[in-house]
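Participant: what's the 3D shape of this:
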Amino acid sequence: MTAPLVTILDDEPEIRQILTDVLEDAGFRTQAFSRAREFEASLKRVTPDVCLVDLSLPDTDGLALVHRLALEQGASVIIISGRAQVQDRVTGLELGADDYITKPFEPAEVVARVRARLRDGTKVVQPGGNTAVFNGWIAHFDRYVLEDETGTESPFSHAEGEVLRLFLESPKRLISRAQMQEMLGGGAGESFDRAMDVRISRLRTKLKEDPKNPRLIKTIYGAGYIFLGEVEWR
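Facilitator: Numbering: from 1, shown residues only. Just a heads-up that it's a prediction; the model follows:
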């Protein structure tokens, strides 16, 4: 079985070397890049399992890159950044990152976070395949797109897909914030809650829900959420 591939994008040679060494010692394959242009070119040839991305890059806006990765590649993205403000963490998660690690970091923590993302990616097993049909919609988790009754497709990010899959795996069951944090991973507290609010809001928009009276993703105030659709897995 081929070892998971982790790509590293950081303009500091010492950081790239530390991450390469610790991840390869842990059994992962790695590719390291100092520039976003080289990193994005590599994505056309190979799809990594996890991307480690610094925000302070010399040739592009790191947050914009994270958003493209999550939306277009469906990649699992962990930000590693010296920006330690809560707002930076919230923004990164809102744009589609799956986790956020601040510098300086413990190399062993990075390995643990990468392993957690890989576990999360396989934790929820679809009963019959990678496609869910519900209430006139088709969710293609292999391509990260939603298809409506007319065949029109709209993309969703890896992070949004995790939330949608969680709902589709547990229809008509209350899912609390604590359960979401446990199953989806990431830091607890304000940044996680804000990220979930944004992801659920975006899913409702893509599902053409009335924000004042959503039919599918219901908020149970003080308790969590319930997905009310009928779901068939293929």
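Participant: got the residue ranges for the strands in this structure?
Facilitator: 5-9, 29-33, 50-53, 76-81, 99-102, 131-134, 137-140, 145-147, 153-155, 217-220, 224-227, 231-233 (DSSP state E).
Participant: With Ala70 as the reference, name the closest of those strands.
Facilitator: strand 76-81 (5.8 Å; Cβ to Cβ). All C-beta spots, glycine's among them, are computed from the backbone N, C-alpha and C.
Participant: and the angle for the closest one with strand 5-9?
Facilitator: 30 degrees (axes from the mean of the first three to the mean of the last three Cα atoms, to 10 degrees).
Participant: Pairing partners for strand 76-81, with directions?
Facilitator: strand 50-53 (parallel), strand 99-102 (parallel) (DSSP bridges).
Participant: Just the pLDDT for the residue located most distally from the centre of the chain.
Facilitator: The outermost residue of the chain, judged against the average C-alpha position, is Thr150 (27.5 Å), by Cα atoms, centre = their mean. As predicted, Thr150 sits at a pLDDT of 93.
Participant: just Asp88 next, same as before
Facilitator: 79.
Participant: re the thing from before, any chance of the strands paired with strand 76-81 in TSV, plus mean pLDDT, mean neighbour count and distance to Met183?
Facilitator: Listed next are the strands paired with strand 76-81 as TSV, based on pLDDT from 0 to 100; neighbours: other Cβ atoms under 10 Å; distance: least, Cβ to Cβ, whole Å:
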stretch	mean pLDDT	mean neighbour count	distance to Met183
strand 50-53	94	25	18
strand 99-102	89	20	14
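Participant: Dump those to a markdown table, plus distance to Ala178.
Facilitator: Formatted as a markdown table, these follow (distance: least, Cβ to Cβ, whole Å):
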| stretch | distance to Ala178 |
| --- | --- |
| strand 50-53 | 25 |
| strand 99-102 | 18 |
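Participant: Nice, that's everything, thank you.
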